[in-house]
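Peer 1: Mind folding the following:
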Amino acid sequence: MKLVIAAVGHRMPDWVATGCEEYIKRMPRELPLSVVEIKPEPRAGKRREQLTAAEMARIAPAIAGCSRVVALDERGKDLTTVQLAGRLEAWMQEGGDTAFLIGGADGLAPELKDKADEMIRLSSLTLPHAMARLVLCEQLYRAISVVKNHPYHREG
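Peer 2: You can find the predicted model right below:
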């Protein structure tokens with residue numbers, strides 16, 4: 001099983017790329033993680049619907065072949081790390097690759113959210129997109145650590 005983070009946005013600052021690379025490197029061989037950067041649509045007086053539709057068209061090829069799609073959204077389900085670990089373990093047993101979607105400045109197209117298997121949020125706080133990428137990479141590593149009883153995560 002592979003994990004893919006499809007994130008709309010421009011090139012991230014070096015500290016974000018370095019942080020994501022560190023967690024990607026730590027992932028076990030049987031659960032590789034990658035981040036695919038999706039070019040945002042130029043604003044140029046376009047409506048939100050036009051922007052998110054264009055970005056949706058760019059996201060589609062990046063997640064082709066993924067049997068499970070998890071959209072990140074501020075209205076998504078709030079999970080604890082242990083709950084995310086439980087989901088990850090179940091997905092591993094089911095098989096198939098999983099894509100996590102991080103929208104651009106205008107979020108994800110409603111059609112993408114409707115088609116997603118699940119919608120989650122990383123925080124009740126509004127996170128900059130760079131932080132969302134890094135937090136998601138870290139939380140996926142933390143979740144697999146919980147599944148494998150690795151001491152990285154300490155509960156309580």
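
Peer 1: Any chance you could spot the residue sitting in the middle of this structure?
Peer 2: residue 100 (3.3 Å; Cα atoms, centre = their mean).

Peer 1: Can I take it that that residue is in a strand?
Peer 2: Yes - when classified by DSSP: H, G, I helix; E, B strand; the rest coil, residue 100 is found to be part of a strand.

Peer 1: Could you list the buried residues of the longest strand seen in the chain?
Peer 2: Secondary structure of the chain per DSSP state E: the longest strand is strand 66-78. Neighbour counts using 16 or more other Cβ atoms under 10 Å place 66, 68-73, 76 of strand 66-78 among the buried residues. No exception for glycine: its C-beta is placed from N, CA and C like everyone else's.

Peer 1: is it possible to export the residues you listed to a markdown table including distance to residue 93?
Peer 2: As requested, the buried residues of strand 66-78 are exported to a markdown table (distance: Cβ to Cβ, whole Å):
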| residue | distance to residue 93 |
| --- | --- |
| 66 | 17 |
| 68 | 12 |
| 69 | 18 |
| 70 | 16 |
| 71 | 22 |
| 72 | 23 |
| 73 | 26 |
| 76 | 23 |
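
Peer 1: counting contacts, what elements does whichever helix or strand comes after the longest strand of the chain pack onto?
Peer 2: Of the helices and strands lying after strand 66-78 in sequence (DSSP states H and E), the nearest is helix 81-94. Contacts defined by 3 or more Cβ pairs under 8 Å, 6 or more residues apart in numbering; DSSP states H and E place helix 81-94 against helix 129-147.
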